[in-house]
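>>> take a look and give me a structure for this.
(2 chains)
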Amino acid sequence: MRNFHLVFVTLFWGCSSLFAQNKQLLYDFTEIPQALMLNPGMQTTYKWYAGIPALSGFSFQAGTSGITIHDIFADDGVDINDKIRARAVYGMGINDELSGTYQIELLSGGFRGKNQPTNFYSFGIYHEGDAIGYWPKDLAILAYEGNADQLGREFDLSHLKTRGEILNVFHFGVNRQINKNLTLGARAKIYSGIVDFNSTSNDGYFLTTPGQRNLLANTLEADMRLRTSGINEIREVLDDDTVDDGAGIGRIVTKRGFFGGDLGLGIDVGFSYHFNEQTVITGSLLDVGFLYHSGDVRSFTLKGSATVEGVEIILPDALADPNADFWQDLVDEIEALVPFEENNNAYITFRPTKLYTSVRYNFGKPLQSKEDCNCNYKPSARRSSSIQYANSVGGQLYAINRPRGPQTALSAFYQRRFGNVLALKSTYTIDKFSLTNIGLGISFQAGPVNFYAMADNLLSYKNIADSHYASFQLGLNIISWGKN
Amino acid sequence: MEKFPKYIIAAIIGIAMLSSCVERQDFDQYDDISITPTIEGSVLFVESPERIINQVVGVNFYSQDFNFDAFSEDFIAERVLDGIVTYEVENTTSKELDITVEFLDVADNVLDTENFSIDPAPTAILRREIAYGGISGRSIDILSNTSSIRVSALNLGDNSSVSNLPDPKITLKSSAQLRIRLK
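This is a model prediction of the structure:
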């Protein structure tokens, strides 16, 4: 049981301490095949690529929009309880969040169509964890201060809003150059859910008022729900002393991650369009899809309304049954009015859909194309997309749907290419988490071997403990442009 | 191509410089975190109209033990630091009354007793706060071991008079404010 709590808390806070899923450095970084995952309509010049299994793409993003580790644990001589009260309990709002994602590519590859060379196909499997938890302000105050001396204050139960999931995604995408200016792409996805929890539709309040009969009345008006899938099996393994925890959980994750758990469908779409020789606009919509949770579902509800003024003994009625257990009657009455129930009903969740758009202006010296000179699949003499310039500058917009509405981020970027060997991209991003987010990405091509690495919010590394956000991505691929 | 090394070196040095600092943190402060909310709610409400008092022959017109596990629930009993139990007794009858509230443990041993003597109406509401725990309060173990409450009421007046106030009755109201340690 203790292990279960540890794993669950680790899962929840581990995932929750991750950050939003914005990958502004990787987006439209056309030298890197994994950028196709952010825009299936990205301009591609590869003949084929193959990701090194489990190494082709790894990303981890962590952060918080509210407090940082430094805010609480700085060795500054201030009482930690004062810091918690001022900076967390009362300092954070219900829109402050801990959220994010991690992603590991298990398999990744792509190839250009032999009969239809304007098509580029990509496929793969990746493992992803995504979670968000908003600061439950009223519940935190209730837990930290209690309800004493708070007459008339409604503690809002809707402040509890959280969700998270761990899943494997199997995908296949088609990228097609429609004409010399336009490239479209789409990707179909099958989701295999491993773990899911969500509690996003809560409502109600807890209120203490002067009582009508007694001194105080406590009122609970609740409509709360926690739905989980895949957690119970893990819990059983951890509770079973005859099963090795690691092996047992590994079995469950493998089974559920490869079509033995919850299943869902999704789609990504995207495009790239050349306004002119040097100006490109792009856009993509990712993870428009859902998961149907039907296996190992365990959900809990608390719904109803009750007002309590303690045990009430009113004569002469109370004399009717001398053996009456007024306390138990009160407990039973509350449980009947606000039942805490459990069910195994299947449910559907929608994936956090993401939107990217960008405009890029290329300038400087055109570089020699990496493509095969015998580009007989080109629909026109020379595609705009096949011309690489030494410099690019532009802006990107990112949005993701979240339980409290869409979150957006705006980035400006500069990209510099050094021949066909090295490309650097730097971004400056503003969003609700940071106004000073500067990131740097590098793609290094050594023959057919492509290595990329990216890190974000570099200025915060001055004091990483005070960072609201730290992330990195890296990967290793083999890429061919068809040249001998 | 000749510019590679310069840019790369600049970038690496820049990242290295930026990533080299972490201000001193003291994670031992975790041990000092104290989360001690104070919760409050009503405990017991007893009401008896004067006509019931008049119907009962003898002084002791009411005595009853009530199961009351709120204080002894593990979540409370293991965490309670201190508390205040507040009583309010209002008498609108024509009689002098004596109310006794006793806290009992599971073996019905009396852990604590509170007595209220209240004059016939018209009289002021009697309000009393009893502290438990802390330096000056009664032992907090009283609350954490309380399993039931006994309420006894004595009629120190007659069995025939009727108050001229509307709806004459004796009421005992009570609430508790408990400070508990969550961390």
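
>>> could you find the closest non-adjacent residue to the residue in the stretch 201-350 of chain A that chain B sits nearest to?
Of all residues in the stretch 201-350 of chain A, A:G310 sits closest to chain B, at 3.3 Å by C-beta to the nearest C-beta. C-beta here means a position set from N, CA and C on the backbone, and glycine is covered the same way. Once flanking residues are discounted, A:G310 sits nearest to B:S42: 3.3 Å by C-beta to C-beta, 6 or more residues apart in numbering or on different chains.

>>> ditto for A:F123
In space, and not counting its chain neighbours, A:F123 is closest to A:F172: 4.6 Å by C-beta to C-beta, 6+ apart.

>>> how much space between the one you found and B:I39?
Note on A:F172: its distance to B:I39, by C-beta to C-beta, to the nearest Å, is 56 Å.

>>> out of the two, which sits in the more crowded spot?
Neighbour totals were compared for A:F172 and B:I39, and B:I39 leads with 19 against 13 (other C-beta atoms under 10 Å in any protein chain shown).

>>> the more buried one falls within a helix, correct?
No - counting by DSSP: H, G, I helix; E, B strand; the rest coil, one finds B:I39 to be strand, located in no helix.

>>> gap between it and B:F61?
Using C-beta to C-beta, one obtains 34 Å as the distance from B:I39 to B:F61.

>>> any chance you could map the helices in chain B?
The residue ranges that make up the helices of chain B, judged by DSSP state H, are B:4-18, B:50-55, B:74-77, B:140-145.

>>> ok, now chain A?
Under the criterion DSSP H, helices of chain A are mapped to A:2-16, A:69-73, A:80-83, A:137-145, A:231-239, A:245-255, A:326-337.

>>> for A:G110, which of the ones you listed is the nearest?
Each of the helices of chain A was scored for nearness to A:G110 using C-beta to C-beta, and the closest is helix A:245-255 (25.6 Å).

>>> so where's chain B shaky on pLDDT?
Low-confidence regions of chain B, defined by pLDDT under 70, span residues B:1-22.

>>> and if you look at chain A?
Residue ranges of chain A with pLDDT under 70: A:1-21, A:368-387, A:483-484.

>>> kindly recompute the last result at 80.
With pLDDT under 80 as the threshold, chain A has low-confidence stretches at A:1-21, A:62-63, A:99-100, A:318-323, A:365, A:367-388, A:433, A:461-465, A:470, A:482-484.

>>> tell me how many other residues crowd the closest residue to A:G66 other than its chain neighbours.
What sits nearest to A:G66 in space, not counting adjacent residues and going by C-beta to C-beta, 6+ apart, is A:D96, at 3.6 Å. The number of residues packed near A:D96 is 18, by other C-beta under 10 Å.

>>> was I right to think B:E129 contacts B:V85?
Yes - counting by C-beta atoms under 8 Å, B:E129 does reach B:V85; the two are 7.4 Å apart.

>>> which of those two has more residues huddled nearby?
B:V85 (25 against 10).

>>> list the beta-bridge partners for the more buried one.
B:I130, B:A176 (DSSP bridges).

>>> measure the residue of the stretch 351-484 of chain A found nearest chain B to A:G439 for me?
Of the stretch 351-484 of chain A, the residue with the smallest distance to chain B, taken as C-beta to the nearest C-beta, is A:Y461 at 3.8 Å. For A:Y461, the distance to A:G439 equals 11 Å [C-beta to C-beta].

>>> the more surrounded of those two?
More neighbours surround A:G439 than the other of A:Y461 and A:G439, with 26 against 18 (other C-beta under 10 Å).

>>> that one against A:K23, yeah?
No - contact status for A:G439 versus A:K23: not in contact, 9.8 Å apart, counting by C-beta under 8 Å.

>>> rewinding a little: nearest to B:D141, of the helices of chain A?
Within the helices of chain A, the stretch nearest B:D141 is helix A:326-337; the backing value is 20.2 Å (C-beta to C-beta).

>>> is chain B within reach of that closest one?
Yes - Helix A:326-337 comes into contact with chain B when judged by C-beta under 8 Å from any C-beta of the partner chain, the residues involved being A:F326, A:W327, A:Q328.

>>> ok, of these, which come out buried?
Of all those considered here, the ones buried according to neighbour count by 16 or more other C-beta atoms under 10 Å in any protein chain shown are A:F326, A:W327.

>>> between the residues of helix A:326-337 next to chain B, which sits nearest A:R187?
A:R187 lies nearest to A:Q328 out of those, by C-beta to C-beta, at 58.7 Å.

>>> just the terminal-to-terminal distance for stretch A:405-425.
With C-alpha to C-alpha, to the nearest Å applied, stretch A:405-425 spans 30 Å between its terminal residues.

>>> list the buried ones in it?
Buried, per 16+ other C-beta under 10 Å, within stretch A:405-425: A:Q407, A:A409, A:S411, A:F413, A:Q415, A:R416, A:R417, A:F418, A:L422, A:A423, A:L424, A:K425.

>>> could you double-check that the fifth one sits in contact with A:G439?
Read it as A:Q415. No - contact criterion C-beta under 8 Å: A:Q415 and A:G439 do not qualify, at 12.0 Å.

>>> name the residues contacting each of those two.
Taking C-beta atoms under 8 Å, 6 or more residues apart in numbering or on different chains as the criterion, A:Q415 and A:G439 both touch A:S426.

>>> who in the stretch 101-250 of chain A is up against chain B?
By the rule C-beta under 8 Å from any C-beta, the part of the stretch 101-250 of chain A lying against chain B is A:142-149, A:208, A:211, A:213-218.

>>> now those: which count as buried?
A:142, A:144-148, A:208, A:211, A:214-218.

>>> taking the stretch 1-150 of chain A, what residue is nearest to chain B?
At 3.2 Å from chain B, A:G146 is the closest residue in the stretch 1-150 of chain A, using C-beta to the nearest C-beta.

>>> so what's that residue up against?
If you count contacts by C-beta under 8 Å, 6+ apart, then A:G146 has B:P37, B:T38, B:I39, B:E40, B:R179, B:I180 around it.

>>> against A:G246, how distant is the first one?
Distance of B:P37 to A:G246, given as C-beta to C-beta: 38 Å.

>>> A:F111 is in contact with the residue nearest to A:F123, correct?
No - taking C-beta under 8 Å as the contact criterion, A:F172 and A:F111 are not neighbours in contact, 11.7 Å apart.

>>> contact partners for the nearest residue to A:I267 once chain neighbours are set aside?
Leaving out its chain neighbours, the residue that sits closest to A:I267 by C-beta to C-beta, 6+ apart is A:V288, at 5.3 Å. Listed by C-beta under 8 Å, 6+ apart, the contact partners of A:V288 are A:G266, A:I267, A:D268, A:V269, A:R351, A:T353.

>>> residues in a beta bridge with the residue nearest the centre of chain A, which ones?
Note on chain A: the residue nearest the mean C-alpha position is A:D130, at 3.5 Å, using C-alpha atoms, centre = their mean. Note on A:D130: beta-bridge partners A:T101, A:E165, judged by DSSP bridges.

>>> how close does it sit to A:G405?
When C-beta to C-beta is applied, the distance between A:D130 and A:G405 equals 17 Å.

>>> now do B:L182
In this structure, B:L182 and A:G405 are separated by 32 Å, where distance is defined by C-beta to C-beta.

>>> on that earlier part again, tell me the one of the contacts of A:V288 nearest A:G124?
The closest of the contacts of A:V288, once distances to A:G124 are taken by C-beta to C-beta, is A:D268, at 12.4 Å.

>>> please name the residues that touch the residue lying closest to that closest one once chain neighbours are set aside.
Beyond its immediate neighbours in the sequence, the residue positioned closest to A:D268 (C-beta to C-beta, 6+ apart) is A:R187, lying 4.0 Å away. A:R187 makes contacts with A:M37, A:P40, A:S122, A:H171, A:F172, A:G173, A:V174, A:I267, A:D268, A:V269, as judged by C-beta under 8 Å, 6+ apart.

>>> and the nearest residue in space to B:D65 that is not next to it in sequence, how close does it get to B:Q177?
Computed as C-beta to C-beta, 6+ apart, the closest residue to B:D65 that is not its neighbour in sequence is B:R150, at 4.7 Å. When distance is defined by C-beta to C-beta, B:R150 is 22 Å away from B:Q177.
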